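S.K.: the following comprises the amino acid sequence and a computationally predicted model.
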Amino acid sequence: MYVPVTKVKPLDGYKLQLKFKNGEEKIFYLTPYLNVGKFAELKDVSLFNSATVRFDSIEWANHVDLDPEFLYEHSSALKTRTTRTSERGKKTPRVAARR
């Protein structure tokens, strides 16, 4: 399924928080790919953190990219849990990845 990536946020542990055009947010775990070809370069945390949205997907400063279909199919959906109430009575969501 082709769903363009609209936002990427690199996280600790070689994870990417992704937002897709359909509104879904997911976590992609890059660790299994860090010993494959050019992806090994992404072990450098500063290079990993250079991930940006480009042409409906993500790309790093070393020009490595991933297909948006692959990202969508191989990422885990986020679940939101309410953990506390703010001073104004609004519930504050807490986001965690489902595995």
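M.R.: Yes, it's here.

S.K.: quick one: pLDDT of Thr80?
M.R.: Thr80 is assigned a pLDDT of 62 by the prediction.

S.K.: kindly report the same for Met1.
M.R.: At Met1, the predicted lDDT confidence score is 82.

S.K.: just the mean pLDDT for the longest helix along the chain, thanks.
M.R.: Of all the elements of type helix in the chain, the one with the most residues (DSSP state H) is helix 68-73. Confidence for helix 68-73, expressed as mean pLDDT, is 96.

S.K.: hmm, who's touching that helix?
M.R.: The contact list for helix 68-73, computed with Cβ atoms under 8 Å, 6 or more residues apart in numbering, reads 1-5, 16, 18, 20, 26, 28, 56-58. For glycine as for every other residue, the C-beta is placed from the backbone atoms N, C-alpha and C.

S.K.: out of those residues, which sit inside helices?
M.R.: Applying DSSP H to those, no entry is found in helices.

S.K.: could you count how many residues lie near Tyr72?
M.R.: Taking other Cβ atoms under 10 Å as the neighbour definition, Tyr72 ends up with a count of 20.
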